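**Student:** Task: produce atomic coordinates for the following.
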Amino acid sequence: MQKTALNNINNRYKKLVLLSCLLSVVVVGLGAYTRLSDAGLGCPDWPGCYGFLTVPAELDASLTAKHSQPGSMDLVFESAKAWKEMIHRYFAGTLGLLLLAILLLPLFNNLKVLSQQSSAKKNRSAGALMPFKLPALLVVLVLFQAFLGMLTVTMQLQPLIVMGHLLGGFAILSLVTLLYLRLGDKASFGNGSGVQNYFSWCLGALFVLLIQIALGGWLAANYAAPFCAGLPLCSGGWNDGHWQQSFSILEIFQLPSTSSNYEYGVLSAQARMSIHLLHRFWAIITAVTLLAVAIKIYCLSQSKKVKNSALLVMLMVICQVLLGVSLVYWTFPISIALAHNLTAAMLLLSLIRLTYYVKLLPLSNKTAGTAAGFNTLSGEK
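**Tutor:** Below you'll find the model as predicted:
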């Protein structure tokens, strides 16, 4: 009876984590859409909008002037942009509450289990406690993400803050997905021979992909997409002298000059073209690296789960490359740009899934207690 009750709690907890995964994808998508539609300053204050918890129907000039930043242009209230920003905040706030529930449920459950074990004078059994460390990290991260969201508005879309906010969203999505994977079945992977030693390869590929995502965030934060509109290298080919003369690695990593408003970007055209070109160059390195690792694991693995995970990584890489080319060819429409952002998130999650499965393979033939010991970050013993 007690075991059945525990299974019911674990199943509900897993469904809650899955719901948080899906909501994280929605929040990342809404954040990208808000940024791409230039609605990041639709509400110049935080967490409300012009002092309201919802978007006001209309505003007078005195209220918009009150929220204008010193030295910046007068605000122009646009209801459509304000709603985009507030809807994103509503969904992000809901996600924060779900992550808090994901933390509190195992906290109360673990206290109850420890109390029962202490009163019964029994040793703590493996698997009795629910994961705690990873949910705690997620709550800390979502609080920091909210702080970055506030700075994004109050600092008028400062690119470093915007990029950090984007990466924070990807980090939350990745960690929630990792938590969901750790709640899954660890004993159905079959034979892990052949690819156990490729875990470090997966970590290397993950590092390469994270650099590419960061470069994409820096590109978006500086509004650098239109400054390299041709294929394959802006306005010409490899031997064209224009990009070679304009490309500057030093210009890429400079912080924007002090400005009262960073909307639409403040860096020079040369800097933004260089940012875009570096994103393209690293995209080639990323695609080759991920495909090489995924193909190698697919060919060597004897586990169906691992093979399917590697195949998914390959498909995501191909889709992302095609979307990137289409994005430039069709002159950066919002729909394709949004798909490009979301596919980057799905590619990251598929690579995390593959990495996790490869790491778990050597444990697949061991006892459940030994397998549970792998999840030290999530608090399982």
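
**Student:** make it CA atoms for all contacts and neighbour counts henceforth
**Tutor:** OK.

**Student:** I'd guessed Leu231 sits against Leu327; true?
**Tutor:** No - under the criterion of C-alpha atoms under 8 Å, Leu231 is not in contact with Leu327, lying 10.6 Å apart.

**Student:** Name the residue in these two with the higher neighbour count.
**Tutor:** The neighbour comparison of Leu231 against Leu327 (other C-alpha atoms under 10 Å) goes to Leu327, with 21 against 12.

**Student:** in the stretch 101-250 of the chain, which spans are helices?
**Tutor:** 133-154, 159-182, 199-221, 241-246, 249-252 (DSSP state H, counting those that start in this stretch).

**Student:** can you put these in CSV and add distance to Gln302 and mean neighbour count?
**Tutor:** Output for the helices of the stretch 101-250 of the chain, formatted as CSV (distance: least, C-alpha to C-alpha, whole Å; neighbours: other C-alpha atoms under 10 Å):
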stretch, distance to Gln302, mean neighbour count
helix 133-154, 30, 19
helix 159-182, 20, 21
helix 199-221, 15, 20
helix 241-246, 46, 13
helix 249-252, 44, 15
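
**Student:** May I see those organised as TSV, with mean pLDDT and distance to Leu59 added?
**Tutor:** Below are those laid out as TSV (pLDDT from 0 to 100; distance: least, C-alpha to C-alpha, whole Å):
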stretch	mean pLDDT	distance to Leu59
helix 133-154	95	19
helix 159-182	96	27
helix 199-221	96	29
helix 241-246	66	45
helix 249-252	86	40
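
**Student:** need those in JSON lines with distance to Glu263, can you?
**Tutor:** Shown next, in JSON lines, are the helices of the stretch 101-250 of the chain (distance: least, C-alpha to C-alpha, whole Å):
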{"stretch": "helix 133-154", "distance to Glu263": "10"}
{"stretch": "helix 159-182", "distance to Glu263": "9"}
{"stretch": "helix 199-221", "distance to Glu263": "9"}
{"stretch": "helix 241-246", "distance to Glu263": "24"}
{"stretch": "helix 249-252", "distance to Glu263": "18"}
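
**Student:** Which one of those lies nearest to Ala310?
**Tutor:** helix 199-221 (10.4 Å; C-alpha to C-alpha).

**Student:** packing partners for that closest one?
**Tutor:** Using 3 or more C-alpha pairs under 8 Å, 6 or more residues apart in numbering; DSSP states H and E as the contact test, the elements touching helix 199-221 are helix 159-182, helix 269-300, helix 334-360.

**Student:** Which of those sits closest to Ser309?
**Tutor:** Taking the helices and strands packed on helix 199-221 one by one with C-alpha to C-alpha, helix 334-360 is closest: 5.3 Å.

**Student:** what angle do that closest one and helix 199-221 make?
**Tutor:** Using axes from the mean of the first three to the mean of the last three C-alpha atoms, to 10 degrees, one finds that helix 334-360 and helix 199-221 are set 160 degrees apart in direction.

**Student:** And helix 334-360, what's buried?
**Tutor:** 336-360 (16 or more other C-alpha atoms under 10 Å).

**Student:** So which elements touch it?
**Tutor:** So helix 334-360, by 3+ C-alpha pairs under 8 Å, 6+ apart, packs with helix 2-36, helix 159-182, helix 199-221, helix 304-329.

**Student:** quick one: which of these is nearest Leu100?
**Tutor:** That would be helix 2-36 among those, by C-alpha to C-alpha, at 10.6 Å.

**Student:** I'd like the average pLDDT over the closest one.
**Tutor:** If you average the pLDDT over helix 2-36, you get 87.

**Student:** A strand includes Leu267, no?
**Tutor:** No - counting by DSSP: H, G, I helix; E, B strand; the rest coil, Leu267 falls outside a strand, being coil.

**Student:** So what's the residue count around the closest residue to Val208 other than its chain neighbours?
**Tutor:** What sits nearest to Val208 in space, not counting adjacent residues and going by C-alpha to C-alpha, 6 or more residues apart in numbering, is Thr286, at 6.0 Å. By other C-alpha under 10 Å, the residues close to Thr286 number 21.

**Student:** Same question for Leu255.
**Tutor:** 11.

**Student:** Apart from its chain neighbours, what residue comes closest to it?
**Tutor:** Leu160 (7.7 Å).

**Student:** same check, this time on Leu53
**Tutor:** Pro47 (7.6 Å).

**Student:** isn't Tyr298 right up against Leu311?
**Tutor:** Yes - between Tyr298 and Leu311 there is a contact at 6.9 Å, judged by C-alpha under 8 Å.

**Student:** Endpoints of stretch 148-163, how far apart?
**Tutor:** 10 Å (C-alpha to C-alpha, to the nearest Å).

**Student:** Identify the residues contacting that stretch?
**Tutor:** 40-41, 43-47, 164-165, 214, 217-218, 220-222, 255-256, 260-263 (C-alpha atoms under 8 Å, 6 or more residues apart in numbering).

**Student:** Using the three-state scheme, assign the residue nearest to Leu53.
**Tutor:** Taking three-state DSSP, the label given to Pro47 is coil.

**Student:** Count residues in the vicinity of it, would you?
**Tutor:** 19.

**Student:** list the contacts for it?
**Tutor:** Leu53, Arg89, Met150.

**Student:** returning to what we had before: for the residue nearest to Val208, give its distance to Ile213.
**Tutor:** With C-alpha to C-alpha as the criterion, Thr286 and Ile213 are 10 Å apart.

**Student:** Over to Ala80?
**Tutor:** 28 Å.

**Student:** Thr177 too?
**Tutor:** 17 Å.

**Student:** That's all I had, so thanks and see you.
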